[in-house]
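**Q** Got a predicted model here, sequence first, then my questions.
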Amino acid sequence: MTASQDAKGPHPNRVAAKIETAILGHALEHPCHGAMGVTQELRLKGILVSSSGARRVWKRHYLLTKHERLLRLEKATAERAITLTEEHTQALKRFSPEFCERHTEAPYTEALFVVDTLLC
């Protein structure tokens, strides 16, 4: 492939920016959904995309596996970019048991002893 072929821009079958944004947003909202789940949820919102199209978007943004999507969710949480729902919290606890141990607030010093001895 020559340099002139690379300069043509993205592939003509690439999904529109609006659809790509919707796929990436859904990946943060529901990181455990697979490609078919994403396409079905987006179809309910009036956005048509194939499951392979969703996978290509994930691949470009390094979100192809559930593990990578959960890591991105954890990063967004650490940056306070999103607020976690109960579904997010449960998925992160299954994925990374030490997730709940990373940030501990206690009203007084002795409370930390009780928190440290219990599993969350």
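**A** Nice, thanks for sending it over. These numbers were taken from a predicted model, which means no experiment stands behind them. Numbering: from 1, shown residues only.
**Q** distance of residue 40 from residue 21?
**A** Distance of residue 40 to residue 21, computed by Cβ to Cβ, to the nearest Å: 18 Å. Backbone N, C-alpha and C define where each C-beta goes, glycine included.
**Q** again with residue 67
**A** For residue 67, the distance to residue 21 - Cβ to Cβ - is 23 Å.
**Q** just residue 58 next, same as before
**A** From residue 58 to residue 21 the distance is 13 Å (Cβ to Cβ).
**Q** more crowded one of the two?
**A** A count of neighbours by other Cβ atoms under 10 Å puts residue 58 above the other of residue 58 and residue 21, at 19 against 13.
**Q** Tell me who's in contact with that one.
**A** Contacts for residue 58 (Cβ atoms under 8 Å, 6 or more residues apart in numbering) come out as 23, 27, 35, 64, 68, 69.
**Q** Equivalent analysis for residue 47, please.
**A** By Cβ under 8 Å, 6+ apart, residue 47 lies in contact with 18, 19, 22.
**Q** which residues are in contact with the helix or strand hosting the last one?
**A** Residue 22 is part of helix 17-29, with elements assigned from DSSP states H and E. Here helix 17-29 makes contact (Cβ under 8 Å, 6+ apart) with 15, 33, 38, 41-42, 45, 47, 49, 53-54, 57-58, 61, 63, 69, 72-73, 76, 82.
**Q** cutoff 7 Å now
**A** For helix 17-29, the surrounding residues in contact (Cβ atoms under 7 Å, 6 or more residues apart in numbering) are 38, 41-42, 47, 49, 54, 57-58, 61, 63, 69, 72-73, 76, 82.
**Q** So which of those belong to helices?
**A** Secondary structure from DSSP state H places 38, 41, 42, 54, 57, 58, 69, 72, 73, 76 of the contacts of helix 17-29 in helices.
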